[in-house]
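Asker: sequence and computational prediction follow.
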Amino acid sequence: MVFIVIAVICFFLQMIAPWWVIIVISFATCGIIGKTGKIAFWQSFLAIFLLWIGYALFKSLPNDNLLAGRVAVMTGVKIWWILLLLTGILSGLVAGISGYCGYHFRMAMLAKKTDKKIA
Amino acid sequence: MIDIQFVVFCSKHKPSFCPIFAKDLLLTIMNKIKALFCVVVPIALAFLFNTKLGNTPPLLKFLDPFMGFWQNAENNHFMFNHKAKIKGATDKIEIVFDDRMIPHIFAQNDHDLYLAQGYVTAMHRLWQMDFQTRFAAGRISEVVGDKAIEVDRYQRRMGMVYGAENSLKGMMADPKAKEMIEAYTEGINAYIKTLSKANYPLEYKILDFKPENWTPVKCALLLKQMSAVLAMGSDEFYMTNILKKFGPEVTKDLFPDYPFREDPIIPVGTKWDFTPLPVPKTPESFTQALTGEVKTKEKVEGIGSNNWALSGAKTASGYPILANDPHLDLTLPSIWYQIQLHAPGVNTYGVSLPGAPGVIIGFNQKIAWGVTNVAADVLDFYQIKFKDSSHNEYWYNNQWKATTKRMEVIKIRGAKDEIDTVYYTHHGPVVYFQKPKYSRANNVPVGDALRWIAHDQSNELMTFYYLNRGKNYADYRKALTFYTAPAQNFVFASVDNDIAITPNGKFPLKWKDQGKFILDGTDPAYDWQGWIPAAQNPTVKNPSRGFVSSANQSSTDTTYPYYINWEFSPYERGKRINDRLTAMSKATMDSIRLMQTDNYSILAQNLLPALLPLLNNEQLNATQKEALSYVNKWNKHYDANEIAASVFEIWTKRLSFDIWADEFEVKGIPMRYPSRDRMVEMILKEPNAPWYDNIHTSKKESLADLVNESFKYSCDSLERRFGPINKDWNWANVKQSNVPHLAKIPGFGSKILQIGGAKSTINALGETNGPSWRMVIELGKKPKGHGVYPGGQSGNPGSKFYDNMIDTWANGQLYDLFYMQSADDKSGTVISRLKISK
């Protein structure tokens, strides 16, 4: 569920919003419907990993990866698909961490509320 | 206090649970910290990957496939027709793109024509235009931070912005030029308005900055930058040091006012059909110069160009052929942008400079024209005597005169603005009071004022406006009168079978050698005192030899009544061009094309017969002997696979060093070497000149000693680099020609090109400098144009049109240019159309 929600919302929002909406969306989604820390991390990671790689390929394949090849040389990774993986992994990690943080943020807040109720 | 309350609180409520309650409180605090941590980490990540760190672009902002670099990957396989609305357009405009993405603009009036030119140029080259004009204006620190501060200070202190502002006044005073610039500006800004962050040109994303609106002063800045590239050469600081060290006799002998061998642009013996103005009298004093800690540099031959035109008498078609190849620093995106401009009264095709309206080098139905640089002395330094260290007043014409101050505010990314005060005398800005550590400033004397033609009001655009619409020789002559700087040899051919060439620009009326040395800023006799009338600039029409040509050599023989400069580019390229054109008859496009890639070295032809007999064969080792056998068999062409060319090139460079370095490289006194021409003359005619002796040794060296040493040095250095003689010694491999990106971004330049050519040959191709546009125009009932540059139309490294012409260029081929007669012309391939309306 987390996976689909993040992927869909991010896909539409990213058309107009800056890249860091993936952080906001992963955090919020996992903060609301995240079930466990593990799910929060991995589903956020995968959603953004696949979304970014998929969309990058959508732009890059009709270009015969000409630009990706040049940028790969610029960044020093040399080969275009390493750059593609890097794009996916880095964005995935950031989303994953944000999702994980979102989930634990809720847990922390919930715990506090429970405390108050007990008190 | 708190403890007591806590205890009271506990005792009132469930006293038995009290320890657990304390634990709860602790937990609450822990949870708060945890929650805070969970918020801080994602924000920190967002910040980290959204910030430019050193040279690394903001990483995830850059990698984001929705807005980052992936968006700049253009579809290689599908082209679409587009429509656009521009408010400023007065009528319908159609832009047709041919199969090399070259735009052909069809407009109904001049305003729309230049509007569309601005729009389409920005579409392909926005970052380049922006970056080049920022560079010209000394605004690079704004983008890259304080590491560019010396670059910016230099641009400002040389008066680039001051010159551009003056120049703009000249352009805006002319209604035609004003219309052109304003429409062009409007077009660029209309394009910028269509951009969203996702489709900013790639370099903006790498350097992490934004496009800014174009302004008319940027057009002026771009033209000033061309002046800076072509007419900022200045040796007077070095020459003054030489004069002080060696005295007038030696200086006159080693730095003569006319070369030993020359083949001037205006053929020897051409009569001057005007009464010259009186030339100002030479003052009887010499100036002292200040010196700084700079190393002597050998004069590098860099910027140069060739152009020529043959009359119909020498061509197969009976109509003239015109050729031009300007040599500049080669970059991607290309310095030139091909375009066809069609509107009532004009149908011209050629190359433009991104940032200036009109076609600079090109042709139309009736005429063709091209340019090469004139090395005119239009930049002088004046030694200034200030009253005191406040620099508020300086001594001139026997009284104190006030300076004016210009505040240059340099914005620096990530730091406070810097305010640099520049003092202006009536000559111009005092460039430096302290020598900066910056190589381009090496030839600038400290405390001296700069008088430079590029600071004056001017209106070069009108020259191109009239050439674009020119029909005949009279139109050509009229167009040239508008031109100020950088001075160019304008070659011309028309369908009426007229050919002509004119070294043209605004030349100050000088006494002989005025500006060869630093000038005295206190004496009005040293000022520029007028101008050579435009009609009296050297020119020749339809000379009897049937062709005109130029390759940056001396404009005229010694009979020309005015002084333009004491030194021009070496004569070898010009000589080779004239030799070949003289021998040519029934010329076709192909014979001219092959000539543009001619690698024959006149220098080798002149020097080898003198050098080879001096080599002592017995003292050479095996590799050196083998290298010598290559040189003996050499056909004197700098072809890609010639080993002898590599040996000869390093040999003569080293020989020049051996002869001059001991005398001319003195710590603390920056000087330059005598010219190559003077060295050749000395080798051929003065076997016992004192300069061969190395003054740092007790032995007395002869020319033969130096020739042997330098030959061995050449072979040994090649052997050290590449091992025993093998194909790595090939000239192309030693030279390593390539076309780098404008901002030197790795991966965005070309590969190493295996091609021949050398600075002293017609095909003047160095490592990253050479023919930036090769053009051959066959005039006739319908003109036929051929051309290529080492790059492509698009400035986007993610486009297949970024570098698609490089291989054709490297192979010495030309494309047939599609000179369209109407927007529906079917004689070429069209890949897409852009229709613009109000």
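Answerer: Done, it's in.

Asker: correct me, but B:Met775 touches B:Trp369?
Answerer: No: judged on C-beta atoms under 8 Å, B:Met775 makes no contact with B:Trp369 at a distance of 10.2 Å. The C-beta positions use only the backbone N, C-alpha and C, and glycine is treated the same way.

Asker: any shared contact partners between these two?
Answerer: When contacts are counted by C-beta atoms under 8 Å, 6 or more residues apart in numbering or on different chains, B:Met775 and B:Trp369 are jointly contacted by B:361-362.

Asker: so how far is the helix or strand where B:Tyr465 lies from its chain's centroid?
Answerer: Per DSSP states H and E: B:Tyr465 is located in helix B:461-468. Put simply, helix B:461-468 sits 21 Å off its chain's centre (C-alpha atoms, centre = their mean, to the nearest Å).

Asker: what's the burial count for B:Gly414?
Answerer: 9 (other C-beta atoms under 10 Å in any protein chain shown).

Asker: ok, it - contacts?
Answerer: B:Gly414 sits next to B:145-146 when contact means C-beta under 8 Å, 6+ apart.

Asker: and B:Glu94, that's in a helix?
Answerer: No: applying DSSP: H, G, I helix; E, B strand; the rest coil, one finds B:Glu94 to be strand, outside a helix.

Asker: now for it: which residues touch it?
Answerer: B:105-106, B:823, B:833-836.

Asker: the longest helix in the chain is where?
Answerer: I'll assume chain A. As assigned by DSSP state H, the longest helix anywhere in chain A is helix A:80-118.

Asker: oops, I was thinking of chain B
Answerer: Longest helix in chain B, counting residues (DSSP H): helix B:18-48.

Asker: helices or strands next to that one in the packing?
Answerer: Where contact means 3 or more C-beta pairs under 8 Å, 6 or more residues apart in numbering or on different chains; DSSP states H and E, helix B:18-48 is packed against helix A:21-33, helix A:80-118.

Asker: what's the following helix or strand after that helix?
Answerer: helix B:59-63.

Asker: elements contacting that following helix?
Answerer: For helix B:59-63, the packing partners by 3+ C-beta pairs under 8 Å, 6+ apart are helix A:80-118, helix B:202-207.

Asker: now the angle between helix A:21-33 and the first one, please.
Answerer: In this case it means helix A:80-118. If you take axes from the mean of the first three to the mean of the last three C-alpha atoms, to 10 degrees, helix A:80-118 sits at 40 degrees to helix A:21-33.

Asker: would you mind giving the orientation angle of helix A:80-118 with respect to helix B:18-48?
Answerer: Counting by the same axes, to 10 degrees, helix A:80-118 points 150 degrees away from the direction of helix B:18-48.

Asker: go through helix A:80-118 and flag the buried ones.
Answerer: By neighbour count on 16 or more other C-beta atoms under 10 Å in any protein chain shown, the buried set for helix A:80-118 is A:80, A:83-84, A:87-109, A:111-112.

Asker: from those residues, list the ones also adjacent to chain B.
Answerer: A:87, A:90-91, A:94, A:97-98, A:101-102, A:104-105, A:107-109, A:111-112 (C-beta under 8 Å from any C-beta of the partner chain).

Asker: what's the farthest-apart pair in those residues?
Answerer: A:Thr87 and A:Lys112 (37.7 Å; C-beta to C-beta).

Asker: so what's the closest residue to chain A within the stretch 551-700 of chain B up against?
Answerer: Relative to chain A, the nearest point of the stretch 551-700 of chain B is B:Ala640 (24.9 Å; C-beta to the nearest C-beta). Contacts for B:Ala640 (C-beta under 8 Å, 6+ apart) come out as B:730-732, B:754-756.

Asker: that one should be in a helix, yeah?
Answerer: No: secondary structure assignment (three-state DSSP) places B:Ala640 in coil, not in a helix.

Asker: that one: what's its closest spatial neighbour, skipping adjacent residues?
Answerer: Nearest non-adjacent residue to B:Ala640, counting by C-beta to C-beta, 6 or more residues apart in numbering or on different chains: B:Ala732, 3.8 Å away.

Asker: so which helix or strand takes in that neighbour?
Answerer: Assigned by DSSP H and E, B:Ala732 falls within helix B:731-735.

Asker: return the distance of that helix from the chain's centre.
Answerer: In terms of C-alpha atoms, centre = their mean, the gap separating the centre of helix B:731-735 from the centre of its chain is 23 Å.

Asker: B:Ala183 - how many residues pack around it?
Answerer: B:Ala183 is flanked by 26 other residues according to other C-beta under 10 Å.

Asker: element containing it?
Answerer: If you go by DSSP H and E, B:Ala183 is part of helix B:175-194.

Asker: and that helix, what's its mean pLDDT?
Answerer: Summarised as a single mean, pLDDT over helix B:175-194 is 96.

Asker: follow-up on the earlier one: and the helix holding B:Ala732, what does it pack onto?
Answerer: Applying 3+ C-beta pairs under 8 Å, 6+ apart, we find helix B:731-735 packed against helix B:643-664.

Asker: got the residue ranges for the helices in the stretch 601-750 of chain B?
Answerer: All helices of the stretch 601-750 of chain B, identified by DSSP state H, counting those that start in this stretch, fall at B:602-611, B:622-633, B:643-664, B:676-685, B:703-722, B:731-735.

Asker: this completes my enquiry, with thanks.
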